[in-house]
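Asks: sequence plus the predicted model coming up.
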Amino acid sequence: MDDRKIRKRNLICFPLGTVGRDMVYNLWTTYLMLYILYTRGLTNAQLATITGIFVAARIFDGLNDPIMGNIIERTRTRWGKFKPWLLIGIVSTSVVVYITFNNSLTGWSFVWLIGIMYFLYSITYTMHDIAYWGMVPALSSDADARNQFTSRATLFAGIGGTLASILIPLLTTGSSALGGSAKIAYGRIALVIALLAPLFICFTLVGVQERRDDMKDPPPPVSFKKIIHTIGGNDQLLWAAVIFLIREIGNDMVVSGVGSNYIYFEFGYEGGLYSTFTTIGMMATAFLMIFYPMISRRLNRKKLLNILLGISLAGYAMQIAAGLLMPATMLKFWIITIGFMLSNFGQYGFYLIMMISIMNTVEYNELRCGTRDEGIITSMRPFLTKVASALVVIIANGSYMLFHITDFTNRISAIEQAAEMGSLDAAEKSAQIGTILSGVSSSQTTGLLLVMTLVPLALMVGAVVLYQRFYKLDEAKYNEICEELEQRKAAKEA
């Protein structure tokens, strides 16, 4: 099969593989805490313990990423170094997800189960996540092709994540909850997603053909020294890592649960509202997912980043102004939703730029050190994502304690449990929850609003300033590096 046909098939099969993975990721990172809050009553000690578990597990997960990248680098099988870990990781992750959302434990027993499952998820998800994104540099070193693979993969990741964002709140919250209660609904959704994720990864396993030139080389030893040397010896990777981490903390604030709790507390406990909020909010990102390769040919990354920052600033300003100045009407809801769409457009564009920026340090590393170390370098993205998510958990759960959010979620979870036992019908459940939410004060909703807008805004501005000043691998420099590497290769073969 010629290169053109391989690339065409890879552009279809590679991105399809991540649809189910990102449904799992969305269910776990966005809705696990909501599942806990709205199906179990929590004391402050239990909430603090869960917060500690989340933080510890995500830091462990992040530290595990470069180790997994190093293990992938030394994997030698007839199926390559990536595909075995894709299969093992996705199947084991599905088992963990199913058990987590389908149990009847309560109190401290439930807290400890969450702890065990969270650490297992940290190991299993890392296996296929590092393997999946590690394949991108092995698919092509051409800058335009890499933009295509990255944007296409993030498009399909967005499709999976957006489907989950639409359906999960719609089918778990309020009167439309499957089975009449949030707990039953989450269990059924987890089962479906746990089955879909391995099915979608089969497209990548069967249909993708990656470069395996380095498979002829002897496998490098698994060592912390190699990991530290690769990351610490690449100044551009380090700057990209710092910038990505800062941006990611702000970007994750809405989807951490702060956004959904704000919508429920301000506008009503109905999943359709939050589904609409996230659906409209993600619509603008679909434009970037499709057209980013075309845009990147006409605008260099640093110029595009300034445009994206301006769009995000406008979006955050709309949300803050409407949230502080308007009564809780549907007009206010739509203004905040459109503001979220604009801010998310800028944030997501920044994410795409950072994805490319991290991957482009592979060739920089090859030029400086003579090795590509794709698995280790590409493991930085998920590593940083998980470190960021640990910090986001502290901020989000800290805001719940500060604004006494669990005073209301505990009462709602008791009603959900009654509905699960058949003691309440949908109308009675909605009426009682509405009465509870009528007691939420404006200072509590304002607090949630500011956490999900001012924090991301400040962090994005800081990250843009750092990128413009310290990241040097622009388009011209990257092409220069690739040309020098080709000359070295030609000289070696001559």
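Replies: The structure has been received and is ready for your questions.

Asks: how about Met341, what does it touch?
Replies: Taking C-beta atoms under 8 Å, 6 or more residues apart in numbering as the contact definition, Met341 lies against 280-284, 315. All C-beta atoms are positioned from the backbone trio N, CA, C, and that covers glycine.

Asks: do that again at 7 Å, thanks
Replies: By C-beta atoms under 7 Å, 6 or more residues apart in numbering, the contact set of Met341 is 280-281, 283-284, 315.

Asks: and it, what element?
Replies: In the assignment (DSSP states H and E), Met341 maps to helix 330-359.

Asks: what comes up buried for stretch 67-80?
Replies: By neighbour count with 16 or more other C-beta atoms under 10 Å, stretch 67-80 contains the buried residues 67-73, 75, 80.

Asks: pLDDT and secondary structure added to those, as a markdown table?
Replies: Rendered in a markdown table, the data for these read as follows (pLDDT from 0 to 100; DSSP: H, G, I helix; E, B strand; the rest coil):
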| residue | pLDDT | secondary structure |
| --- | --- | --- |
| Ile67 | 77 | helix |
| Met68 | 80 | helix |
| Gly69 | 76 | helix |
| Asn70 | 75 | helix |
| Ile71 | 81 | helix |
| Ile72 | 78 | helix |
| Glu73 | 73 | helix |
| Thr75 | 70 | coil |
| Gly80 | 76 | coil |
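
Asks: so can I have TSV of those showing distance to Ile249?
Replies: Written out in TSV, the entries for the buried residues of stretch 67-80 read as follows (distance: C-beta to C-beta, whole Å):
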residue	distance to Ile249
Ile67	23
Met68	23
Gly69	22
Asn70	26
Ile71	28
Ile72	27
Glu73	28
Thr75	32
Gly80	34
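
Asks: now for the residues you listed: which two are most distant?
Replies: Pairwise distances across these peak at 19.5 Å for Ile67 and Gly80 (criterion: C-beta to C-beta).

Asks: and the angle from whatever helix or strand Leu155 lives in to helix 330-359?
Replies: Applying DSSP H and E as the criterion places Leu155 in helix 143-172. Going by axes from the mean of the first three to the mean of the last three C-alpha atoms, to 10 degrees, helix 143-172 is angled at 140 degrees with respect to helix 330-359.

Asks: give me the angle between the following helix or strand past helix 143-172 and helix 143-172.
Replies: Scanning forward in sequence from helix 143-172 by DSSP H and E, the next helix or strand is helix 182-207. On the basis of the same axes, to 10 degrees, helix 182-207 is oriented at 160 degrees to helix 143-172.

Asks: burial of the residue nearest to Leu195 when sequence neighbours are not counted, as a residue count?
Replies: If the residues on either side of it in the chain are set aside, Leu195 comes closest to Ser94, at 7.2 Å by C-beta to C-beta, 6 or more residues apart in numbering. For Ser94, the count of nearby residues is 21 (other C-beta atoms under 10 Å).

Asks: in contact with Ser94, which residues?
Replies: Remark: with contacts taken as C-beta under 7 Å, 6+ apart, Ser94 is in contact with 194, 197-198.

Asks: in the helix or strand harbouring Leu304, what's buried?
Replies: For Leu304, the host element (DSSP H and E) is helix 301-325. By neighbour count, with 16+ other C-beta under 10 Å as the criterion, the buried positions of helix 301-325 are 301, 304-305, 308-309, 311-313, 315-316, 318-320, 322-323.
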